[in-house]
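Provide a 3D model corresponding to the input given below.
(2 chains)
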Amino acid sequence: DQQVKQNSPSLSVQEGRISILNCDYTNSMFDYFLWYKKYPAEGPTFLISISSIKDKNEDGRFTVFLNKSAKHLSLHIVPSQPGDSAVYFCAASARYGGSQGNLIFGKGTKLSVKP
Amino acid sequence: EPEVTQTPSHQVTQMGQEVILRCVPISNHLYFYWYRQILGQKVEFLVSFYNNEISEKSEIFDDQFSVERPDGSNFTLKIRSTKLEDSAMYFCASSGARASSYNEQFFGPGTRLTVL
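Below is the predicted model of the structure:
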């Protein structure tokens, strides 16, 4: 049951260009979405989040866009840097409907930023 | 910057043995979680804990699993009789400086559990 889908297992981008990571979800109860970055042998590191009442949230080089009607969100990184190379996980949560906020993760997209 | 810590970083055990994975959440957080990631698979929710009791658990979290907050700082996950398929990275997370707010979860570095 893939409630959160990241259909691209990998993405390669040139340094300085924009990286766009995509995520789709199926559960309309999700009302909070997060992006995490993960290096090998480390835990996921929180990057940026967005509530379902917004369609955009920006933090420095990172912007998350939410399209509720399409059940789609994306993470834009601009400009991309070699240090951004990692696996990026999309996660979703439903505060209501009985959930206590546990996160449902996608499978991740491995981003490689080439110098 | 406050962070979630986990010990040990790697635990090797024999099938059928009990293991306890330890976590120290961020000190003013109120919600605590355990997740696991089997090699090559997605991160999966196991259990959430709030106000000294389990809030929610997944179907993975069966009777072999238990959680405890024995003191004001530690949060533990116990697996009573480990199985080969319990081999995974186990991540602890915490969130929620304020009970009414909805906050991002901060993850620890993980414990790699290997069951032989």
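
Where does the prediction get shaky in the chain?
Unless you meant another one, I'm taking chain A. A:1, A:96-100 (pLDDT under 70).

looking at chain B here, not the other one
For chain B, the ranges with pLDDT under 70 are B:97-103.

Up against chain A, what does it have?
The interface of chain B toward chain A, taken as CB under 8 Å from any CB of the partner chain, is made up of B:4, B:6, B:31, B:33, B:35, B:41-45, B:48, B:50, B:55-56, B:58, B:91, B:93, B:95, B:102, B:104-110. In short, each C-beta sits where N, CA and C put it, glycine included.

Show the contacting residues for residue B:111.
Residue B:111 makes contacts with B:6-11, B:21, B:89-90, as judged by CB atoms under 8 Å, 6 or more residues apart in numbering or on different chains.

Pull the number of nearby residues for the residue nearest to residue B:104 when sequence neighbours are not counted.
Nearest residue to residue B:104, sequence neighbours excluded (CB to CB, 6 or more residues apart in numbering or on different chains): residue A:46, at 4.8 Å. Using other CB atoms under 10 Å in any protein chain shown, residue A:46 has 18 other residues around it.

Next, name the residue at the spatial heart of chain B.
Central residue of chain B (CA atoms, centre = their mean): residue B:34, 3.0 Å from the mean position.

Correct me if wrong: that one contacts residue B:92.
Yes: between residue B:34 and residue B:92 a contact is recorded at 5.9 Å, counting by CB atoms under 8 Å.

what do these two both touch?
B:21, B:23, B:77.

mind checking how far the last one is from residue B:19?
This points to residue B:77. 9 Å (CB to CB, to the nearest Å).

hang on, the earlier thing: which positions within the helix or strand hosting the residue nearest to residue B:104 qualify as buried?
Residue A:46 belongs to strand A:45-51 when assigned by DSSP states H and E. Under the neighbour-count criterion of 16 or more other CB atoms under 10 Å in any protein chain shown, strand A:45-51 has A:46-50 buried.

would you turn those into a markdown table with distance to residue B:62?
Listed next are these as a markdown table, based on distance: CB to CB, whole Å:
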| residue | distance to residue B:62 |
| --- | --- |
| A:46 | 29 |
| A:47 | 32 |
| A:48 | 34 |
| A:49 | 31 |
| A:50 | 34 |
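
and the end-to-end length of stretch B:50-58?
15 Å (CA to CA, to the nearest Å).

Run through the residues of chain A sitting next to chain B.
A:32, A:34, A:36, A:41-46, A:49, A:51, A:89, A:91, A:95, A:98-108.

ok, residue B:43 touching residue A:6?
No: using CB under 8 Å, residue B:43 is not in contact with residue A:6; the gap is 11.9 Å.

who touches both of those two?
residue A:89.

Look at the two and report which has more neighbours.
Remark: of residue B:43 and residue A:6, residue B:43 carries more neighbours, 26 against 20, as counted by other CB under 10 Å.
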